[in-house]
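**Student:** What shape does this take:
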Amino acid sequence: MTYPRIFITRIIPDKGLALVKENYPHLDIWPDEMPPSRDELLQRARGVDGLLCLLTERIDAELMDAAGSQLKVISSMSVGVDHIDVTAATARGIPIGNTPGVLTDATADMAFALLFAVARRVVEGEKYVRDGKWKTWHPQLLLGKDFVGATLGIVGFGRIGSAVAKRAQGFDLRVLFHDPSAKAAYGAQPVDLDTLLQESDFVSVHVPLTSETRHLVNAGFLVKMKSNAILVNTSRGGVVDQSALYDALRAQTIFAAALDVTDPEPLPMDSTLLELDNCLIVPHLGSASHHTRDMMSYLAAENLVAGLKGERLPNCVNPEVYSRPRKGIGAL
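**Tutor:** Sure thing, here's the model as predicted:
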């Protein structure tokens, strides 16, 4: 029996891997902790029928052409697909799968975890203890921000943004949001971006990375925030101009920032942001819970298997591919 050729760019959780193996036992899986190099990726993709990737791989027209005209599906174990050239895939009739929904709660939880940690200076306090600086209780030691009665501004009010608003209800936070395409929910009030920045004590960013949102958080954005405000980003690193953020934090234009995502990832150790005590950075942990990653791998596997069988992907980023004839490689 001839099986389709499948390349999986990293070892994914067993829940998703088992589903793929159940249908297609012969797999090419990149075994290393680090992602394949560009040359390795191009080489391993040659002749494959299905590709399951992570957000660490750049899946562009060159790679699709290297794979060949038999490539039936690209499935990404992620919600965002800014690492994939969707236009090129659509032109070639290749459906792209992603994993929406299942990481909403985990990412919203992480946004709040970061917000609490930086507002109450938890990491600074832990370092203070480990450095042997804790000599006594002091009324002015590491003072942070209160939550009750404060205002939370949410930029981007999709699944995750609205889930953050839902959690804010338990802390008596006033919630504003900016997203012209979204409806109000959980008591959140729609406002223009300037109003949100001027009135919010905390600003949490939840927009996809597009040409319009790249460096949305720039010097102009930051200067409109309160001087005692906190910025949290759990969306994509490219949404924030990190140079402008460094300047704002160093000059105390804003109180602090917490980043789950950076540009690039990982953040280079010589990044000036790492010099700042008022900038908390963690390694893209938004979806890092056992259940969430299991479900992400399962959805990615479902998309891959459906595409290989010629069925409609359960979660398809570019559904228009099903209403147009498939074009050959290089046809744009």
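**Student:** Strands of the stretch 101-250 of the chain, start to end?
**Tutor:** For the stretch 101-250 of the chain, the strands defined by DSSP state E, counting those that start in this stretch occupy 151-155, 174-178, 189-190, 202-205, 230-233.
**Student:** got those strands as CSV, with mean pLDDT, mean neighbour count and distance to residue 15 columns?
**Tutor:** For every residue, glycine as well, the C-beta is placed using N, CA and C. Listed next are these as CSV, based on pLDDT from 0 to 100; neighbours: other Cβ atoms under 10 Å; distance: least, Cβ to Cβ, whole Å:
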stretch, mean pLDDT, mean neighbour count, distance to residue 15
strand 151-155, 98, 26, 31
strand 174-178, 98, 22, 34
strand 189-190, 98, 14, 38
strand 202-205, 98, 28, 30
strand 230-233, 98, 27, 29
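**Student:** contacting residues around the closest residue to residue 46 other than its chain neighbours?
**Tutor:** Excluding its sequence neighbours, the residue lying closest to residue 46 (Cβ to Cβ, 6 or more residues apart in numbering) is residue 66, at 5.7 Å. Applying Cβ atoms under 8 Å, 6 or more residues apart in numbering, we find residue 66 in contact with 42, 45-46.
**Student:** Please identify the helix or strand for residue 66.
**Tutor:** Secondary structure assigned from DSSP states H and E places residue 66 in helix 61-67.
**Student:** circling back to that earlier point, need the strands of the stretch 101-250 of the chain in CSV (columns: distance to residue 14).
**Tutor:** Compiled in CSV, the strands of the stretch 101-250 of the chain are given as follows (distance: least, Cβ to Cβ, whole Å):
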stretch, distance to residue 14
strand 151-155, 35
strand 174-178, 38
strand 189-190, 42
strand 202-205, 33
strand 230-233, 31
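**Student:** As a check, name the ranges of all helices in this structure.
**Tutor:** 14-23, 38-45, 61-67, 86-91, 104-119, 122-130, 159-168, 193-199, 219-223, 242-250, 290-308 (DSSP state H).
**Student:** quick one: which of those helices is nearest residue 232?
**Tutor:** Using Cβ to Cβ as the measure, helix 104-119 is the one of the helices of the chain that comes nearest residue 232, at 5.2 Å.
**Student:** as a whole number, average confidence for that closest one?
**Tutor:** Helix 104-119 carries an average pLDDT of 98.
**Student:** what inclination does it have with respect to helix 122-130?
**Tutor:** Here the directions of helix 104-119 and helix 122-130 differ by 50 degrees (axes from the mean of the first three to the mean of the last three Cα atoms, to 10 degrees).
**Student:** Just the CA coordinates for helix 104-119, please, in CSV.
**Tutor:** The C-alpha atoms that make up helix 104-119 are tabulated as CSV, following Å, rounded to 0.1, in the frame of the first residue of the first chain:
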residue,chain,number,x,y,z
THR,A,104,-8.3,31.0,24.1
ASP,A,105,-8.6,30.4,27.8
ALA,A,106,-4.9,29.5,28.3
THR,A,107,-3.8,32.7,26.6
ALA,A,108,-6.3,34.8,28.4
ASP,A,109,-5.0,33.3,31.7
MET,A,110,-1.4,34.1,30.7
ALA,A,111,-2.4,37.7,30.0
PHE,A,112,-3.7,38.0,33.5
ALA,A,113,-0.8,36.2,35.0
LEU,A,114,1.6,38.6,33.3
LEU,A,115,-0.5,41.6,34.3
PHE,A,116,-0.5,40.5,38.0
ALA,A,117,3.2,39.6,38.0
VAL,A,118,4.3,43.0,36.6
ALA,A,119,1.7,45.1,38.5
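**Student:** rewinding a little: now list the buried members of the contacts of residue 66.
**Tutor:** residue 45 (16 or more other Cβ atoms under 10 Å).
**Student:** No more questions from me, cheers.
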